Every structure is written in structure tokens, then in C-alpha cells.
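Asker: I'd like to go over a predicted model; first the sequence, then the structure.
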Number of protein chains: 2
Amino acid sequence: MASTSIRYGGGVSREIGMDLQNLGAKNVCVMTDRNLSRLPPVKAVLESLVKNRVEYKVYDAVRVEPTDSSFKDAISFAKNNSFDVFVAVGGGSVIDTCKAANLYACHPDADFLDFVNAPVGKGKPVGGAVKPLVAVPTTAGTGSETTGVAIFDYEPLKAKTGIASRAIRPTLGIVDPLHTLSMPERVAANSGFDVLCHALESYTALPYDQRSPCPTNPINRPAYQGSNPISDVWSRHALHIVAKYMKRAVRDPEDLEARSSMHLASVFAGIGFGNAGVHLCHGMSYPIAGNVKSHSAKGYNVEHPLVPHGLSVVLTSPAVFNFTAPMCPERHLEAAEILGADIRQVKREDAGAVLADMLRQFLFELQVEDGLGAVGYTKDDIPALVKGTIPQERVTKLSPRAHTEEDLSRLFEASMKLY
Amino acid sequence: MASTSIRYGGGVSREIGMDLQNLGAKNVCVMTDRNLSRLPPVKAVLESLVKNRVEYKVYDAVRVEPTDSSFKDAISFAKNNSFDVFVAVGGGSVIDTCKAANLYACHPDADFLDFVNAPVGKGKPVGGAVKPLVAVPTTAGTGSETTGVAIFDYEPLKAKTGIASRAIRPTLGIVDPLHTLSMPERVAANSGFDVLCHALESYTALPYDQRSPCPTNPINRPAYQGSNPISDVWSRHALHIVAKYMKRAVRDPEDLEARSSMHLASVFAGIGFGNAGVHLCHGMSYPIAGNVKSHSAKGYNVEHPLVPHGLSVVLTSPAVFNFTAPMCPERHLEAAEILGADIRQVKREDAGAVLADMLRQFLFELQVEDGLGAVGYTKDDIPALVKGTIPQERVTKLSPRAHTEEDLSRLFEASMKLY
Ligand SMILES: NC(=O)c1ccc[n+]([C@@H]2O[C@H](COP(=O)([O-])OP(=O)(O)OC[C@H]3O[C@@H](n4cnc5c(N)ncnc54)[C@H](O)[C@@H]3O)[C@@H](O)[C@H]2O)c1
Ligand SMILES: NC(=O)c1ccc[n+]([C@@H]2O[C@H](COP(=O)([O-])OP(=O)(O)OC[C@H]3O[C@@H](n4cnc5c(N)ncnc54)[C@H](O)[C@@H]3O)[C@@H](O)[C@H]2O)c1
Ligand SMILES: [Fe+2]
Ligand SMILES: [Fe+2]
């Protein structure tokens, strides 16, 4: 089974022209977003392509937080050119768009919904290979360079969904920490919260041996397998790095050590959650992002209203981990301790409250908006948010604690205000 | 680039018949050694094959610690049958033999030395794919289920060498801790020392950014890249598990938690060293194993004299880490601390002595033979041992400290007696 090779180091993206030559590339598709197209990461990549005489075309119309229609636009660009290798230079939005463009260009007869996760799409397995994709992440966030997942906002439902298949995992991830130095403060914060939640959710996900139904044939095992001794190593390690470096990385864009560490943490957390899965924060984030009214995201150079992914995920985290803690209090306490809490006197039944407090404090210090209320939601929106969470069963079923629609309601309500 | 999927859990090897069906296997080669052919791990695998009606042939003549001639015997077995999938059930000896059999059966025109590491062999790159190989490790040791390495004793030189290519990495590793319960006490000890040294050597290997010459094209990067932030996670984690569980696992064969933990540690350390490399303990172990005179290995049900791999590696570890410590004292101190030393008052310049003492104590408590002297070597053998280490440059160059032949002499001499 193919998995992603990771190359890490300051300046490694300058070698990409040689990698493309080694892959025998004759006609490369470089995807990015308009904002990044003028910034150093894209420049470094294009210079290396020119130097190594690799032919390429640039698509820079990626939408920040893509939708079905923005995916389709990128797909038709890919279909209209016969590219043999894809290169994504950007955050999760760019990498995910590039995965989709590659997938559908290689399956020109497929309907768009064919490969989209059920129940929104048909969830058909991808038969046959796609072209190599080299991902060059520029945020310290999604870990999309390591995963077989491409997320988009399905506008008819006002909720995010995605495509999940090992077939679309990048061939190579070029993790060059110099690329993260240009991230605006809020992009660093929000993408860092994504790392935090990937780590926390995968570490507390339903254990792999408690998942049911247990598929009788190993080929039917889902991509998200539940927490397990291998993903635990990555998740816990990513959490340690977030605890140590995230505040520095957000506050000082020139702190190379902190930004490099967070860049690696995003890879580690990506490997962890790509294997174990995420659960309620992510499941509930999809309608939070999809139902956005007029919130405009500070530091995100875009024209449409947006609750950035990392923010939409982290706002429910105090409520969520308070809710899930009774199922595995030790892990919640351990997470609180890694984040800096003194847990020596804490009782197991207080694990959720302690972790929630720790998270609220962390968010407060990083000047995060004060709950769902501050990004434009009121109590009246809760039914729509709950409704948008229901189709996210692929992730929410990995919650260690079973939950009803009332539980979801209460979690959204508890997340309206944080401080 | 293909890498290995790992499946872990008690009883997972009972699913192997389905995996082989999923791979479309019509004619499977099952390799093992004579001893294991009568034990539960092989039984469980064969039962699953029968149940799923997978056709197979068993080769059970793997030599414990293979040689060029034992490899060749297995290769001709593979060449005489057109197998479409290979299954290795055993320790490193079996898995390595199976990798070689698969490789040469798929390259019937290659000379045996073509793919063997230079300078002993020609070190040609493997062009073209080999058949899928499913590795089912039964020791908690080599990590061979995750690596692209196959080691054998090249009898004309009396030293081990090997084949190293990503092409021979197993497709799937089935890590079933129940298989380790039947390991005799000394096999558990020696294979556990292999894990210990994989972890320690990869953690202290020359850092990836100090390796030279730095290849101008990324395709020429060696398999062993030096210690790096990703391999560090695995190496350190493996070391923690060894510290916590190894003594229990050796002393009580029924301690499932301890044996399971060591089984996972062997996978983790395998990923770590497969990426970062090992250095002097391994480089010096190859002539220690290859020049064996009459030492018979307790608990190893074999007729030939043998210094088991893990033992040959660990006997020089106190001397080696004492020698390498000045280059990265923090890492040596951290390792000593993980193994249980109180390092609060220790000066950096004493890092090597402290780690060496810790290792000697660990070995003593696990009743390891008292140095090279106790496995049959005298001072007179040192020149031959040094000579056999010279061709191991592929690994020894990853030592954090440069070394002369005199240094190697002194390290062998210091390892003659430990306690
Ligand atoms: N595929 C996965 O596994 C996965 C996981 C989590 C999230 N996601 C998805 O990824 C998307 C979010 O991605 P993201 O958080 O990486 O941000 P992003 O790609 O949406 O980018 C956010 C903003 O930051 C800018 N930017 C990015 N890197 C920059 C840099 N180095 N310098 C200056 N500006 C920079 C972009 O131009 C954009 O304006 C969401 O759609 C989310 O759903 C995917
Ligand atoms: N390929 C790699 O990456 C790599 C790494 C390190 C070592 N090695 C090589 O691996 C070999 C050593 O392998 P090893 O240490 O795993 O041992 P092994 O395969 O040599 O087996 C040792 C003995 O233990 C017995 N045994 C194994 N599992 C058993 C079980 N579950 N129950 C009862 N008996 C069992 C075997 O029959 C044999 O007698 C050496 O040749 C070494 O050079 C390879
Ligand atoms: Fe995310
Ligand atoms: Fe070894």
C-alpha cells in the first residue's frame, strides 16, 4: 500500500525540480491560491522547476476552504491539460483541491459525487492509480500532506464533507519550515489549533479494539481505525510540541525554532489522526464552517465570509473534551498535564473539567474569539448545526462516548461563550 | 514510494488467509525455520491459509542467522516454483531469507553479488518490482518486518553483510504478540538487546544534516539518513518501552503485557533505525558473529556455533557509547535517564561513563555473557575483528564520532570483559 515519504528541512523545497525530473515529469500542474502565488514558497518552487527545465502550468484559483464548485473548477483545469505530476504549494485548501483535481482528471468518467463520502456522496472505492502528487505545505496545520483526505464545503447542504481514499495520499511531502515564516499571525494560530485538535481527538478516539462492527475481512477496515499504540505515539508527541512551541510560533513570526517545530507537529499529528481518526470537534466543525453568515476571518486575505477550519474545530473543544472525559479520564488528564496543568491532586472524575479549563486558558491567551457567539451564531442556529453534524458519522462515530442529538445540542450551546 | 503497512493485535495473524486472498494469491511461498515449523505461530498461519483455500508450499530450511549459501538454497526453492506472494513466519533470519528469495526469484538473471552491499557486493540498485511479501515476526527483535534490509553471513569473509533496498521492504507486517509467547528466555533476551541497540544507535547516529557528502540529487540519498526529528520519535519511544518492559518480558514468558510491549518496541525501533541507521555496535557485531569459533547459543535450537545477533551487538555497547558520548552528551545522558539512571548531578563529560555503567548493569541483571571473552574471543582475535569491521562502512560512517582502526581495536579490547 502506498504511503507518503516525508522530506524535512529548511530549504528542501529548492530540490523539488530534481524530484520532478526523477519522477519523469514532462507536464506538471502546480496548484496554489492567489495569495500564496506572490509569496516566497511558490517562488522557491517555481525557481527550482525553471532551473531544472521542468515544464509546468500554474493554477492559482484555489478557494481558501474549498467548495464543491471550486473543486470542480480545479478539476476541469486538470482535465483540460494532460498533466503527469501534480504539485500543491499551500495550506490544506490547496493540497486538498489538488488531490481532487488529480483524482477526477484520472477518472474522467466519474461523477463528482461518486468518490465523495457517504451519505452525502456514493463513497465508491477508487479503482486504479492516480498521478503522483507532491505536497508542499505552507501552513503548520492540516497534515494534508500525509493523509488520503480532501475536504470541501458541499454548498447544497451547508456542511463540509470530503473524499477519503488511500489512493489520493501524496507521494511525497516536502516539509520546508522556511515556508511557514510568512504565515500571518491568525493563520498560524488557527492552523495550530487544527494540529492541537488532531492530536487531542486522535489520542482520545475510540480504541481500535472497541470499534464495531469489526469487519470480517481486513480489506474492509476503515481508514480511521480508532486510537492505537502506533497513532498514540504521534498524537502524544504532536501534543508535546504544541504545548512547548505554539504560543511562541503564533506570537513571533521570526521564531524559526518554534515555527519549524509546529510545522513538524502538523506532520506528526497528521500521521496520528490519518490513522486513528478524529471525532466530535471535527464532526461538529463542518456545519460551523458551512453555515457561516458574515464572519470575516482576520488575516485571511479572502473576500468570502469564513470561519477558518482550525477555529471552527477548536471552539467546541472545551465542551467536547469535558463530555468525552468520563470514557478515558487518564488520557484526558495526561493531555491536560502535557498542556501544563498540575494534575497531582486531580480526581479522575474531574479530568474533563481540568482539560476544558486548560483549553479555555490556552485559547484565551492566544486571543481566540469568545465562542460560537463571537463568530456569528446564536441559540437559534443550534438545530441547523446539529442537523449538519448528523451526516458526519464517519468521524463522529470515533467519539469515545456515544451521543444523541440532544447531546450535540448541549455541546453547541456550551460552546457559544468560552470565557 | 512503497512502505510497509503494520497490523498489530493479539490473534491478527489468523486473518492472513484473507489478506492473501485480497492480494489475489494463487501460489504462496511460506518460509520459516525448522524449529518454528512445529510451533504455534506457523500453525496459526497455515490454518488460516487452509481455511481460506490458499494454495501454498512451505520452505522450512531457513538457517538461523543465514549465510550466503543458505540464502542461495532458499533462492533456488523460490526459483523452482512460480510463487506470486511470499510469507515469512519467524525471526529476522526467516524474514531476511524470504526477502532475498523473493528478490532473486524476480531477477533470475542477476548474480548473487549484484544486489549485495558494496564493497562486498556490487550494490546495484534493484530495478523493477518484486512480489508482495507478508512478514509475520515471531521475535521481538530485528524489526525486519519494516525494513528494506536482509542480512547474511558472507562466509568467504567471515563477516555479515546484506542487501539494502526499499524494493525488498515487506508489503504488510502482521505483528501478533501472541507469537512471542513461545520464545525461549535467551531468544527474548538477545532479540530484545537488538531492539535496545537499534534504539540507542539510531538515536545517537550522526544527525541527518551533518552527513556528508550531501547528495546533489535527492534520489541519491542513502537509506540510512542519520538521526532526524522523525526517527528520533521512534527511537526514543522504543527505548522507553525497553526500559519499562524488557526485564519482565525476558523473565516471565507468560507476561503478555510485557511481551506485547516489546513486540511493538521492535517495530518502533525498526522504523527508527530503518530511517536513521545504526552505527558502531552493529558494524562491529558483523565480524563478531562471522568469526564465531565454538560458542553454542543457549536456547537456540541449532547445531552450528552461533553468537546470536542481539548478543553480538550488545556486548560492545558499553564501550561504544562511552566512546561516542562526547559528540552528543545530552542524548547519551537522556538515554541513561530513560534506562533508569539518576542524572541530576552528572556532568556532561561523564555522560558516556554513566550510560556505559547503566548498560553494564542492565546486561548483568539479564545474565548476559561476560563480554567477548565469554563467547570465545581473546586479544589475539582483535586484528581479525577490526578487519571485518572495515567493510561495514555503510553503517559505521553513521557513528557520530570519527574513528581509526586503533579506536576500533580499543573498543573490541574494552569489550572483552564487562563486569
Ligand atoms: N485533508 C486533510 O487531511 C485536512 C485536515 C484538516 C483540514 N483540512 C482542510 O484544510 C483547509 C484549511 O487549510 P489550512 O488551515 O492549511 O489553511 P488554508 O490553506 O485555508 O490557508 C489559509 C490562508 O493562509 C494563507 N497562507 C497559507 N500559507 C501561507 C504562508 N506560508 N504565508 C502566507 N499566507 C499563507 C492562504 O493564502 C489562505 O489565505 C480547510 O478546508 C480544512 O477543512 C484538510
Ligand atoms: N533485516 C533487518 O533489518 C535486521 C535487523 C537486525 C537483525 N537482522 C538479522 O536477523 C537475524 C536475527 O533474527 P532474530 O533475532 O529475530 O532471531 P532468529 O530469527 O535468528 O531466531 C532465533 C531463534 O529463535 C527461534 N524462534 C524465533 N521465534 C520464536 C518463537 N516465537 N518461539 C520459539 N522460538 C522462536 C528460532 O527458531 C531460532 O532458533 C540475524 O541474522 C540478524 O543479522 C536483520
Ligand atoms: Fe483538521
Ligand atoms: Fe540489529
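Answerer: Okay, I see it. Ligands and ions are numbered 1, 2, ... in the order given.

Asker: Identify the residue spatially nearest to A:A319, adjacent ones excluded.
Answerer: Counting by Cβ to Cβ, 6 or more residues apart in numbering or on different chains, A:A319 lies nearest to A:A414, which is 4.0 Å off, once chain neighbours are set aside. Every residue, glycine included, has its C-beta placed from N, CA and C.

Asker: What's the local residue count around that neighbour?
Answerer: Using other Cβ atoms under 10 Å in any protein chain shown, A:A414 has 18 neighbouring residues.

Asker: next one: phi and psi at it?
Answerer: A:A414 adopts backbone torsions of phi -70, psi -10, taken as degrees, to the nearest 10.

Asker: Tell me the bridge partners for A:L133.
Answerer: Beta-bridge partners recorded for A:L133 (DSSP bridges): A:F86.

Asker: which secondary element of chain A has the worst mean pLDDT?
Answerer: When each helix and strand of chain A is scored by mean pLDDT, DSSP states H and E, strand A:5-8 comes last, with a mean of 88.

Asker: So which residue is dead centre in chain A?
Answerer: A:T142 (3.2 Å; Cα atoms, centre = their mean).

Asker: Near ligand 1, which residues of chain A? Just list them.
Answerer: Residues of chain A lying near ligand 1 by Cβ under 6 Å from any ligand atom: A:33, A:35-36, A:39, A:41, A:64-66, A:90-94, A:96, A:138-139, A:141-144, A:147, A:149-151, A:160, A:179-180, A:182-184, A:187, A:191, A:194, A:300-302, A:309-310.

Asker: Mind doing that once more with 5 Å?
Answerer: A:33, A:35-36, A:64-65, A:91-93, A:96, A:138-139, A:141-142, A:144, A:147, A:149, A:151, A:182-183, A:187, A:191, A:300, A:309 (Cβ under 5 Å from any ligand atom).

Asker: wait, A:Y8 sits on B:I230?
Answerer: Yes. Between A:Y8 and B:I230 there is a contact under Cβ atoms under 8 Å: 7.0 Å.

Asker: if I look at the two, which residues touch both of them?
Answerer: Common neighbours of A:Y8 and B:I230, counting by Cβ atoms under 8 Å, 6 or more residues apart in numbering or on different chains, are A:264, A:267.

Asker: who's more crowded, these two?
Answerer: Neighbour totals were compared for A:Y8 and B:I230, and B:I230 leads with 23 against 18 (other Cβ under 10 Å).

Asker: Test my guess that the more buried one contacts A:I6.
Answerer: Yes. Look at B:I230 against A:I6 with Cβ under 8 Å: they come within range, at 6.7 Å.

Asker: Show me the common contact partners of those two, please.
Answerer: With Cβ under 8 Å, 6+ apart, B:I230 and A:I6 have common neighbours A:V267.

Asker: Could you give the residue of the stretch 51-200 of chain A that lies closest to chain B?
Answerer: At 7.2 Å from chain B, A:T171 is the closest residue in the stretch 51-200 of chain A, using Cβ to the nearest Cβ.

Asker: cool, the stretch 301-419 of chain A as well?
Answerer: Nearest residue of the stretch 301-419 of chain A to chain B: A:E334, at 14.4 Å (Cβ to the nearest Cβ).

Asker: Next, the contact list for that residue, please.
Answerer: By Cβ under 8 Å, 6+ apart, the contact set of A:E334 is A:R236.

Asker: how close does it get to ligand 1?
Answerer: Distance of A:E334 to ligand 1, given as Cβ to the nearest ligand atom, to the nearest Å: 24 Å.

Asker: so after the helix or strand hosting that residue, what's the next helix or strand?
Answerer: According to DSSP states H and E, A:E334 maps onto helix A:329-338. Helices and strands here follow DSSP H and E; after helix A:329-338, the next one along the chain is helix A:351-365.

Asker: so how far is that following helix off the chain centroid?
Answerer: Averaged C-alpha coordinates place helix A:351-365 at 22 Å from its chain's average position (Cα atoms, centre = their mean, to the nearest Å).

Asker: so A:R211 sits right up against A:Q225, yeah?
Answerer: Yes. In this structure A:R211 lies within contact range of A:Q225 using Cβ under 8 Å: 7.1 Å.

Asker: Identify the contacts common to these two.
Answerer: With contacts taken as Cβ under 8 Å, 6+ apart, A:R211 and A:Q225 have no neighbour in common.

Asker: State the pLDDT value of A:K158.
Answerer: Here, the pLDDT recorded for A:K158 equals 85.

Asker: give the contact list for the residue nearest to it when sequence neighbours are not counted.
Answerer: Excluding the flanking residues, the one nearest A:K158 by Cβ to Cβ, 6+ apart is A:G290, at 4.1 Å. By Cβ under 8 Å, 6+ apart, the contact set of A:G290 is A:153-155, A:157-160, A:388.

Asker: What segments of chain A are strands?
Answerer: For chain A, strands defined by DSSP state E occupy the ranges A:5-8, A:28-31, A:56-59, A:85-90, A:133-137, A:149-154, A:159-164, A:172-175.

Asker: neighbouring contacts of the first one?
Answerer: Put plainly, it is strand A:5-8. Residues outside strand A:5-8 that contact it (Cβ under 8 Å, 6+ apart): A:15, A:145-146, A:171-177, A:264, A:267, B:1, B:3, B:218, B:228-230.

Asker: Next one: the biggest helix by length in chain A, is it in contact with chain B?
Answerer: When chain A is parsed with DSSP state H, its longest helix is helix A:229-251. Yes. Under the criterion of Cβ under 8 Å from any Cβ of the partner chain, chain B is reached by helix A:229-251 at A:229-230, A:233-234, A:237.

Asker: Right, and ligand 2 sits closest to which residue of the stretch 251-400 of chain A?
Answerer: At 21.7 Å from ligand 2, A:I271 is the closest residue in the stretch 251-400 of chain A, using Cβ to the nearest ligand atom.
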